[in-house]
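J.: I would like the atomic coordinates for the input below:
(2 chains)
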Amino acid sequence: MILQATDLTKYFPVTGGFTVTRGWIKALDGVSVHVAEGETLGIVGESGSGKTTLARLFLLLERPTSGALFFDGKATRDFGRDDLARYRRSVQAVFQDPFSSLNPRMRVEDIVAEPLPPENGGAAARERVGEVLQMVGLQRESAALYPHEFSGGQRQRIAIARALVTMPKFIFLDEPVSALDVSIRAQILNLLKRLQETLGLAYVMISHDLGAARYLATRLAVMYAGKLVETGECDAVYTGPLHPYTEALLSAALPLHPSARRQRIILTGEVPNPMNPPAGCRFHPRCPRAIPRCRSEEPAFKEVEPGRFTACHLY
Amino acid sequence: MAEPSPLLAVEDLKTYFFTRRGITKAVDGVSFTLNAGETLALVGESGSGKSVTCLSLVRLVPEPAGRIVGGRILFEGEDLLRKTRAEMRRVRGKQIAMVLQDPMTSLNPALTIGTQVSEVVRLHQKLRGAPLRDRVLDALRRLRISAAETRLGHYPHQFSGGMRQRVSSAIALSCAPRLLIADEPTTSLDVTIQAQYLELLKEVQASAGVAVILVTHDFGIVAANADRVAVMYAGKIVEMGSTLQVFDRPGHPYTRALLRCLTGAGRERQPLVEIAGQPPDLARLPSGCPFAPRCPERQAICEQVAPPTVTVESGHVASCWAAPTVAA
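T.: All right, here's what the predicted structure looks like:
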């Protein structure tokens, strides 16, 4: 089974109060990625890079402006009722903030059972809920409690249990640990890894935390201002980034030790306005290695080394 | 031969919250000193008491539930806990300034940036008219707000997250404080913007000679900016020392565990070491060491008697029964 996006584009209209469209926010502009069974694709980038929009398209929460999504070779836009039901069971999500993603007025068992189709209710559903709660390291008895009775880390476990209940193949993790305390982060990352190994799950992990992404990801996609700038095997990208943005992003990550303080590339400026991205390469105004061509001509996304793709004129 | 007296000396500070569930000892006997121009990082997880410590320093603990019940806060030799409310107002913003986590909530969305920066300068420096305006522009420019003149008339929503945090910092630094308290200043910022902000903070700090208390839960930020670190757990400082000492020879099992679960971009993929369990409930603290229930190196004594604070090496202390001590 494979999940694939080809040339996905999503523009959001900017309206002037009424329905007059004044412009378009180019949240995602021609992105192609795929995720195979059992692997973890890490999507990293800063706010406004389009990583969450990409996830929302995959979860069918938004329709693409153009481009297509394929699940097992079939386009999601041609899905019938049954295909859609199967897709939703196979593709689940865990969101960033377990304080807002769980309904405070529902009991844990109802939260976790919610994705299950209505026809398998009753005892079977309760059994399944107990099973997934144990899988994520919670007591079966927690099913009767409400979310406020749990700490942040435990709530994230409940959210993971809800994602697992339909036996999915793919789980989208949107910043799964960034709302958690450091000591709890490690618990959740280890849990995710363990679940992946035992259940053969594929993850798409969206993160701006490069350390957490490296811990789980097998392949990495780096996004900037609605475009992919680099993809490749995770370790290869971390040890030898090709695109200057990837390089800067990795070097901006905080040092692990005070002795590693001085060797950072500090980018000037900020992520461009998505309504009016710069011409040519979108990174050129901040790029320390920009050449004249970058200002006028948009670089193509191409394979520059086996398995390593980047969009940069330097290659 | 007297040592130069520190800018700030906190002695046995205790801030408790009196709630229906009992007394929550949010800060329970915290002592540290800070020299002029130095950066001290206060590290801990949520509920460890780092933010309440900061609020206590400027006497902004939410009353009536919260009260500072003991200790001394000597700032430039004067005890802040003995000052009247009016005297404290003159200290806040002028001598001690604060930058909070989320600039979106610490700036007033209905007032222009110019109004918000000049308010502080007008109150503390008694400036008006052109000199006031110059001072405000100067404060914004120092924090690299470009086109400061036009930016004066803009509202917070017209700024990006990183710029808002720089505006907040411009307000904090506008009256040349001696001490800046930065409570998780980069938590809401992106990676590259965080790096920009931390570098800028270092620069401005060096040129203005201001001391900084940097509150964070991220040891990466400590590694990047701090001279000294104090690690907090359950309302107490469990370890304190220079940044290098704490990174290279952590004396407390909690510090060691935190350092091991640090995920870094430069780190090889290896299993993360978890800290089992949850931080304790501050209203129901265990009798011995508060970290004992989660501690991998727990001994029998840890659960009965709170550990003493021992000197690991010069300038480096830890509160642990098993901490290595200097040879006497």
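J.: can you give me the helices in the stretch 51-200 of chain B?
T.: Ranges of helices in the stretch 51-200 of chain B, per DSSP state H, counting those that start in this stretch, are B:85-91, B:103-106, B:113-125, B:129-142, B:148-151, B:161-173, B:191-208.
J.: list the helices and strands the last one packs on?
T.: The criterion is 3 or more Cβ pairs under 8 Å, 6 or more residues apart in numbering or on different chains; DSSP states H and E, and the helices and strands that helix B:191-208 contacts are helix A:244-252, helix B:161-173, helix B:219-225. Just so you know, the C-beta spots here come from the backbone N, C-alpha and C atoms, and that holds for glycine as well.
J.: List the buried residues for it?
T.: Residues of helix B:191-208 classed as buried under the neighbour-count rule (16 or more other Cβ atoms under 10 Å in any protein chain shown) are B:191-198, B:200-201, B:204-205.
J.: can I get the residues you listed in CSV with pLDDT?
T.: Formatted as CSV, those follow (pLDDT from 0 to 100):
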residue, pLDDT
B:Val191, 83
B:Thr192, 84
B:Ile193, 84
B:Gln194, 87
B:Ala195, 87
B:Gln196, 86
B:Tyr197, 88
B:Leu198, 91
B:Leu200, 88
B:Leu201, 89
B:Val204, 86
B:Gln205, 89
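J.: Not including adjacent chain positions, what is the nearest residue to the residue of the stretch 1-150 of chain A found nearest chain B?
T.: Nearest to chain B, among the residues of the stretch 1-150 of chain A, is A:Glu46, at 3.9 Å (Cβ to the nearest Cβ). Distance criterion Cβ to Cβ, 6 or more residues apart in numbering or on different chains; nearest residue to A:Glu46, sequence neighbours excluded, is B:Asp190 at 3.9 Å.
J.: Please tell me how far the one you found sits from A:Glu303.
T.: Remark: distance between B:Asp190 and A:Glu303 (Cβ to Cβ, to the nearest Å) = 29 Å.
J.: higher neighbour count, the two?
T.: When neighbours are counted by other Cβ atoms under 10 Å in any protein chain shown, B:Asp190 comes out ahead of the other of B:Asp190 and A:Glu303, with 23 against 12.
J.: coming back round to it: turn the buried residues of helix B:191-208 into a markdown table, columns for distance to A:Gly130.
T.: Listed next are those as a markdown table, based on distance: Cβ to Cβ, whole Å:
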| residue | distance to A:Gly130 |
| --- | --- |
| B:Val191 | 40 |
| B:Thr192 | 45 |
| B:Ile193 | 44 |
| B:Gln194 | 42 |
| B:Ala195 | 46 |
| B:Gln196 | 49 |
| B:Tyr197 | 46 |
| B:Leu198 | 46 |
| B:Leu200 | 52 |
| B:Leu201 | 50 |
| B:Val204 | 55 |
| B:Gln205 | 54 |
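J.: which residues does the spatially most central residue of chain B bridge with?
T.: The structure's chain B has its C-alpha centroid closest to B:Val215; by Cα atoms, centre = their mean the separation is 3.1 Å. With DSSP bridges as the criterion, B:Val215 is bridged to B:Leu42, B:Asp183.
J.: pretty sure it contacts B:Leu55?
T.: No - at 10.5 Å, B:Val215 does not count as touching B:Leu55 under the criterion of Cβ atoms under 8 Å.
J.: so how far is B:Thr84 from B:Ala170?
T.: For B:Ala170, the distance to B:Thr84 - Cβ to Cβ - is 29 Å.
J.: Sorry, wrong one. I was asking about A:Ala85.
T.: Taking Cβ to Cβ as the measure, A:Ala85 falls 69 Å from B:Thr84.
J.: When these two are compared, which one has more neighbours?
T.: More crowded of A:Ala85 and B:Thr84, by other Cβ under 10 Å: A:Ala85, with 12 against 8.
J.: burial measure for the closest residue in space to the more buried one that isn't next to it in sequence, as a count.
T.: Spatial nearest neighbour of A:Ala85, chain neighbours left out: A:Pro117 (7.0 Å); criterion: Cβ to Cβ, 6+ apart. A:Pro117 is flanked by 11 other residues according to other Cβ under 10 Å.
J.: just checking, A:Pro117 touches A:Arg88?
T.: No - here A:Pro117 lies out of contact with A:Arg88, judged by Cβ under 8 Å, at a distance of 9.4 Å.
J.: quick one: pLDDT of the residue in the stretch 101-250 of chain A that chain B sits nearest to?
T.: Proximity of the stretch 101-250 of chain A to chain B (Cβ to the nearest Cβ) peaks at A:Gly211, 3.2 Å away. In this model, A:Gly211 is scored at 83, pLDDT.
J.: For it, pull up the helix or strand it's in.
T.: Following DSSP states H and E, one finds A:Gly211 within helix A:210-216.
J.: correct me, but the residue nearest to A:Glu46 touches B:Gln165?
T.: No - assessed by Cβ under 8 Å, B:Asp190 is found out of contact with B:Gln165, at 11.0 Å.
J.: Next up, the contacts around the closest residue to B:His154 other than its chain neighbours.
T.: Among residues not flanking B:His154 along the chain, B:Ile113 sits closest, at 5.7 Å (Cβ to Cβ, 6+ apart). When contacts are counted by Cβ atoms under 8 Å, 6 or more residues apart in numbering or on different chains, B:Ile113 touches B:107, B:140, B:151-156, B:159, B:167.
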